[in-house]
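Undergrad: Make a model of this:
(one chain, ligands or ions: 1)
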Amino acid sequence: MSRLQKALFLSDKGYADLKKAIFACTLTNLAMLLPFCVTVMIFSEILTPFVNGGSIQWNHIWMLWGAGIVSAILVFLAAKNDYRKTYIASYKESNTTRLRIAEHLRKLPMNFFNTKDLSELTTNMMADCSSMESLLSSTIPPLIANGITVTLTCILLAFFDWRLALCVFITVPIAFLIIWLSRNHQKKLFEKQVDAKLVASDQVQEYLEGMKIIKSCGLSGSHFSALDKALLAMKKIAIKVEMAVGVFMSSASMILQAGIGITIFVGAILLTQGQIELLPLLMFLLMVTRIYGPILAILANLSSLLNLNVVTSRMRTLLTTPAMDGEGKTVPNCDIELSHVTFAYNQEDVIKDVSCKIPQGSVTALVGPSGSGKSTISKLIARFWDVQQGKITVGGKDIKSMEPESLMSYMSFVFQDVTLFNDTVMNNIRLGNPNATDDQVIAAAKAAYCDEFVREMPDGYQTVLGENGSTLSGGERQRISIARALLKNAPIILLDEATASLDPENEVLVQKAIAKLVEGKTVIMIAHRLRTVVDADQILVLDNGRLAEYGTHDELMKKNGLYHKLFHIQQESLGWAV
Ligand SMILES: Nc1ncnc2c1ncn2[C@@H]1O[C@H](COP(=O)(O)OP(=O)(O)OP(=O)(O)O)[C@@H](O)[C@H]1O
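TA: Next up, the predicted model:
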């Protein structure tokens, strides 16, 4: 893999396309020299009689006109090919990169998402990929193509008159030096700009997410000062970047174009000394006016390329973060065992030396005070995170050795916060099993008591739910998630007491749906209300990350420990109901 391919995170196809784009762009640049050469030749035909005497050769001029038309057609064809090869290929490649990032994200452990927020990842996938897109389409191919064209023109001019050619290019190294020396300053500013954009998009997202609070507390936009500040900072740094780039580019451009003056001056001396004739000198000067455009384009593209690292560093961090690996294993049964499991999200252990067995086909309830680690245990069993000490096995196999996807095929979740996608009801339920037919989806929806409310929607199962299904009630969302789980028909069900915040009518429907879902399955249930767990086969009582006690409801009540205490507190609070 070449350094450029590595630096730009290009796929093999993307790199091959980039090489084709550079070639196509070079062809266009060379083709564009043709009409110019024809113009110079026509000019020379017209001027020759004035300088050397004689008459204008009209047949030559008409032939050159014909050549001009042919060269214009060639330019058109080359530009069309160039456009196809550069822009279309770069859009394809950035699409591939976005999919690659999405695919990689899916395989990353959840602790990666603890350190990144949503807007940073969105920026990674959208803005950084767009910057790469523009590097691939409008920076790298023109940079290399212009480099080749300028070198060829330089050789041509040197053949014509090496002394004048030297005058033309004498300012080029100085212009390059200015851009090169300014690179650190530009890079720092560019980094600040990228950070400011990130902070601003973070603030915009927070502002939109907090709209309910902003409205309910009567806060106007200007009161949301963090957003104000972030947008102002972004504006300021954008102006600074433009000013800095503008100053360096115009200085480089000014020094570069001083080469025309030097060439005219030296040309005039050579003319007076009789070392060059007037007509060749005029032709030379005409060609010189064309050379600085591509060199300036190289300088502009070079400064974008020098900031390549800033654009790619976040993408590099993301794509080089090791994914959760493992083999696509099958397990002989669904017995789950935790042995001496210890886990910390950051520094402090939140699960401490927990060991327990969850036999296949049993119902296990996880209970304990808030923050005791119930959700964490269920997420560790699903391998959202890897444990730091001890191990978790399913069917005797360490889940660390199992590919997350194959482990996930044994599990279904029903959590309180249901995620729905901006898609039809049918497709939202089908997520449980992408291969399910419409009839199977509808059967699962019926079993989860969704059918009735779905049919009342404007387009029934084809109704688009909108952003996270905001038009549905909590109970309806829950039932859709149960329909998904029913469709998946996984042998292990993880339930986060799903009915906690529902009204009685919805609670009955959801409970009935859950009863169908858990039939004959291995169930792990996070319970906040202890009256819902009295029939569980075993209850694991967690206290500050430790397994304080376990047993059936009756056994635990007899122990007179934490469970007994929590149960009584809840019974009493039920009596307080207003
Ligand atoms: N993503 C996270 N990053 C860092 N700390 C976390 C994260 N999720 C949970 N914690 C911390 O881990 C501890 C256990 O949290 P967990 O959610 O597992 O408890 P819980 O018993 O399910 O709580 P609750 O009943 O309130 O839902 C808590 O101290 C919590 O603050």
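Undergrad: Please see if the helix or strand hosting Val541 touches the ligand.
TA: If you go by DSSP states H and E, Val541 is part of strand 538-543. No: against the ligand, strand 538-543 shows no contacts by CB under 6 Å from any ligand atom, the least distance being 6.5 Å. C-betas here are computed from N, CA, C, even on glycine.
Undergrad: partner strands of the following helix or strand past that strand, parallel or antiparallel?
TA: Toward the C-terminus, strand 538-543 is succeeded by strand 546-551 as the next helix or strand (DSSP H and E). Sheet pairing for strand 546-551, assigned by DSSP bridges, gives strand 538-543 (antiparallel).
Undergrad: returning to what we had before: now the strand holding Val541: mean pLDDT?
TA: Regarding strand 538-543, the rounded mean pLDDT is 94.
Undergrad: Sketch out the strands for this structure, chain order is fine.
TA: Remark: strands assigned in the chain by DSSP state E are 336-344, 349-358, 363-367, 389-394, 397-398, 411-414, 492-496, 522-526, 538-543, 546-551.
Undergrad: and of those strands, who's closest to Gln571?
TA: With CB to CB, the closest approach to Gln571 among the strands of the chain belongs to strand 363-367: 14.2 Å.
Undergrad: which residues touch the closest one?
TA: With contact meaning CB atoms under 8 Å, 6 or more residues apart in numbering, strand 363-367 is reached by 358, 374, 377-378, 518, 523-528, 530, 532-533, 535-542, 563, 566.
Undergrad: quick one, what contacts Leu271?
TA: Glu277, Leu278, Leu281.
Undergrad: From Leu157, how far out is it?
TA: Taking CB to CB, to the nearest Å as the measure, Leu271 falls 17 Å from Leu157.
Undergrad: cool, Asp423 as well?
TA: From Asp423 across to Leu157, the span is 62 Å (CB to CB).
Undergrad: neighbour count winner among those two?
TA: More crowded of Asp423 and Leu157, by other CB atoms under 10 Å: Leu157, with 21 against 14.
Undergrad: thought the more buried one was touching Arg163?
TA: No: at 10.5 Å, Leu157 does not count as touching Arg163 under the criterion of CB atoms under 8 Å.
Undergrad: Can you get me a residue count around the residue in the stretch 151-300 of the chain that the ligand sits nearest to?
TA: Of all residues in the stretch 151-300 of the chain, Glu209 sits closest to the ligand, at 17.6 Å by CB to the nearest ligand atom. Glu209 has 11 neighbours, counted by other CB under 10 Å.
Undergrad: per-residue pLDDT, it?
TA: So Glu209 comes in at 75 (pLDDT).
Undergrad: Nearest to the spatial middle of the chain, which residue is it?
TA: Centroid-nearest residue in the chain: Met125, 1.5 Å away (criterion: CA atoms, centre = their mean).
Undergrad: quick one: pLDDT of Val194?
TA: Val194 is assigned a predicted lDDT (pLDDT) of 83.
Undergrad: Enumerate every residue touching it.
TA: By CB under 8 Å, 6+ apart, the residues touching Val194 are Val310, Val311.
Undergrad: and the gap between it and Leu231?
TA: 16 Å.
Undergrad: Report how many residues lie close to the closest residue to Glu405 other than its chain neighbours.
TA: In this structure, Glu405 finds its nearest non-sequential neighbour in Gly328, 7.3 Å apart by CB to CB, 6 or more residues apart in numbering. Using other CB under 10 Å, the number of residues around Gly328 comes to 10.
Undergrad: Now Gly259. Nearest residue, chain neighbours left out?
TA: Thr171 (4.2 Å).
Undergrad: distance of Thr86 from the ligand?
TA: Counting by CB to the nearest ligand atom, to the nearest Å, the gap between Thr86 and the ligand amounts to 43 Å.
Undergrad: need the contact list for that residue.
TA: Neighbours of Thr86 in contact, by CB under 8 Å, 6+ apart: Ala21, Ala24, Cys25, Leu136, Ser137, Ser138, Pro141.
Undergrad: how far away is the fifth one from Ala490?
TA: Right, the one you point to is Ser137. Applying CB to CB to Ser137 and Ala490 gives a distance of 45 Å.
Undergrad: returning to what we had before: output the strand holding Val541 as PDB, nothing but the C-alphas.
TA: Taking Å, rounded to 0.1, in the frame of the first residue of the first chain, the C-alpha atoms of strand 538-543 are listed here in PDB:
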ATOM      1  CA  GLN A 538     -33.700 -16.700  41.000                       C
ATOM      2  CA  ILE A 539     -33.200 -13.200  42.100                       C
ATOM      3  CA  LEU A 540     -29.700 -11.700  42.100                       C
ATOM      4  CA  VAL A 541     -29.400  -8.800  44.600                       C
ATOM      5  CA  LEU A 542     -26.700  -6.300  43.700                       C
ATOM      6  CA  ASP A 543     -25.300  -3.700  46.100                       C
END
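Undergrad: Could you check the angle it makes with strand 522-526?
TA: Strand 538-543 runs at 30 degrees relative to strand 522-526, counting by axes from the mean of the first three to the mean of the last three CA atoms, to 10 degrees.
Undergrad: tally of neighbours for Val414?
TA: Using other CB under 10 Å: Val414 sits among 26 other residues.
Undergrad: so what's it up against?
TA: Gln478, Ser481, Ile482, Ala485, Ile493, Leu494, Leu495, Asp496, Ala498, Ile514, Leu517.
Undergrad: can you redo those as TSV with neighbour count, distance to the ligand and pLDDT?
TA: Listed next are those as TSV, based on neighbours: other CB atoms under 10 Å; distance: CB to the nearest ligand atom, whole Å; pLDDT from 0 to 100:
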residue	neighbour count	distance to the ligand	pLDDT
Gln478	28	17	85
Ser481	29	18	88
Ile482	31	20	88
Ala485	26	20	89
Ile493	22	17	91
Leu494	23	12	91
Leu495	26	13	87
Asp496	20	8	82
Ala498	26	13	57
Ile514	23	19	82
Leu517	23	21	81
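Undergrad: can you put these in JSON lines and add distance to Ser253?
TA: What follows is the contacts of Val414, written out as JSON lines (distance: CB to CB, whole Å):
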{"residue": "Gln478", "distance to Ser253": "64"}
{"residue": "Ser481", "distance to Ser253": "61"}
{"residue": "Ile482", "distance to Ser253": "66"}
{"residue": "Ala485", "distance to Ser253": "64"}
{"residue": "Ile493", "distance to Ser253": "68"}
{"residue": "Leu494", "distance to Ser253": "64"}
{"residue": "Leu495", "distance to Ser253": "67"}
{"residue": "Asp496", "distance to Ser253": "63"}
{"residue": "Ala498", "distance to Ser253": "66"}
{"residue": "Ile514", "distance to Ser253": "71"}
{"residue": "Leu517", "distance to Ser253": "70"}
